[in-house]
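Q: no letters, just coordinates:
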Ligand code: GLN
């Protein structure tokens, strides 16, 4: 599994339900699922999380095994289906978030499919960095932000919540990804605040030239050769379109450095996520461009240089 945070929330309340199994049967599956996880070197907590996502059981119900005695447990799918999905986890290494169809990120429970990258916990910090740059009290009204390569819409939803008066322009070249992002915006009643565009990076935003207060992106940044060597969950199941950044991983980032100055207003922020080891090159690209100042590297919670920000002069 990738490093996504599986601590919180359940999508059970928003799913189809009405399937039942006895507590004993569910408990039995859960025991076996945890054993098979350990044998396959997968965190056994994933089985617990999938059970919680597929039922109304709370964390405590599961951890204290209180459900074992219950005559009936309501599930979002037949128990056989849960069994099959878990087998896919073990045998095909499909990430558990794709099997559950959802992933927690900041305070959201986002719908995900293999058309979108599973939003990572470290990416959550992009929103805090945007907030640090422009506390909402100082934010111009109305402000305009873009999330380029929105995928599941995570960053766009995060920005829309962080900046209650902003309009977020979320772009992705994948129609399938946009459909997921739109679904997520609808779930959180943010459709009026987020505009969606299908297209390549800034291309659909010609009407916003010189007007953007911020550009935020988690672009594909993994060198092509390295994508194939990632853990099977990522290499075989996550969209390479969202991962592969070309030969040195910097193809998309170079494009964003070059084109953003046309779209950002003066003092607007340029903010991206990148991979360990890329920060110095990206700082050099921004400095060489000549349209940026206040170029900064930011670490994630693991102390990895994970983000770079710059201000449009
Ligand atoms: N953080 C993702 C990973 O670890 C990569 C995301 C990206 O390329 N933008 O696989």
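A: Thanks, I have the structure now. All values reported here derive from a predicted model rather than from experimental measurement. Residues are numbered from 1 along each chain as shown.

Q: neighbouring contacts of stretch 39-49?
A: Residues outside stretch 39-49 that contact it (CB atoms under 8 Å, 6 or more residues apart in numbering): 1, 6, 30, 33-35, 37-38, 62-63, 86, 89-90, 96, 100. Any C-beta I mention is one placed from the backbone N, CA and C, and that applies to glycine too.

Q: please, where are all the helices along the stretch 101-250 of the chain?
A: 125-133, 154-162, 175-187, 224-227, 232-237 (DSSP state H, counting those that start in this stretch).

Q: SS state for the nearest residue to residue 296 once chain neighbours are set aside?
A: Closest residue in space to residue 296, ignoring its immediate chain neighbours: residue 309 at 5.1 Å, by CB to CB, 6 or more residues apart in numbering. Here residue 309 is recorded as strand under DSSP: H, G, I helix; E, B strand; the rest coil.

Q: what's the local residue count around residue 309?
A: Neighbour count for residue 309, taken as other CB atoms under 10 Å: 22.

Q: ditto for residue 140
A: Counted with other CB under 10 Å, residue 140 comes out at 12.

Q: swap in residue 134?
A: Residue 134: 20 neighbours (other CB under 10 Å).

Q: does the ligand sit close to stretch 212-232?
A: Yes. Applying CB under 6 Å from any ligand atom, one finds that stretch 212-232 is in contact with the ligand at 218-222.

Q: of those, closest to residue 118?
A: residue 218 (11.7 Å; CB to CB).

Q: what sits against the closest one?
A: 117, 123, 126, 149, 151, 155, 272-273.

Q: let's go with 7 Å and repeat that
A: By CB atoms under 7 Å, 6 or more residues apart in numbering, residue 218 lies in contact with 123, 126, 149, 155, 273.

Q: also residue 149?
A: 172, 217-219, 242.

Q: can you select the buried ones from the residues you listed in PyMOL?
A: Isolation of the buried members of the contacts of residue 149 (16 or more other CB atoms under 10 Å) is achieved in PyMOL through the command below:
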select buried, resi 172+217+218+219+242
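
Q: including pLDDT, could the contacts of residue 149 go into JSON lines?
A: Below are these laid out as JSON lines (pLDDT from 0 to 100):
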{"residue": "172", "pLDDT": "98"}
{"residue": "217", "pLDDT": "98"}
{"residue": "218", "pLDDT": "98"}
{"residue": "219", "pLDDT": "98"}
{"residue": "242", "pLDDT": "97"}
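
Q: which of the contacts of stretch 39-49 are buried?
A: Buried members of these, scored by 16+ other CB under 10 Å, are 1, 6, 30, 33-34, 37, 62, 86, 89, 96, 100.

Q: save those residues as CSV, and put in secondary structure, pLDDT and distance to residue 296 too.
A: Output for the buried ones among the contacts of stretch 39-49, formatted as CSV (DSSP: H, G, I helix; E, B strand; the rest coil; pLDDT from 0 to 100; distance: CB to CB, whole Å):
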residue, secondary structure, pLDDT, distance to residue 296
1, coil, 41, 31
6, coil, 48, 31
30, helix, 98, 46
33, helix, 98, 44
34, helix, 98, 43
37, helix, 98, 40
62, helix, 92, 42
86, helix, 98, 43
89, helix, 98, 39
96, helix, 98, 35
100, helix, 96, 36
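
Q: helix/strand/coil for the closest residue to residue 311 other than its chain neighbours?
A: The shortest distance from residue 311 to any non-neighbouring residue, by CB to CB, 6+ apart, is to residue 294 (4.3 Å). Secondary structure, three-state DSSP: residue 294 is strand.
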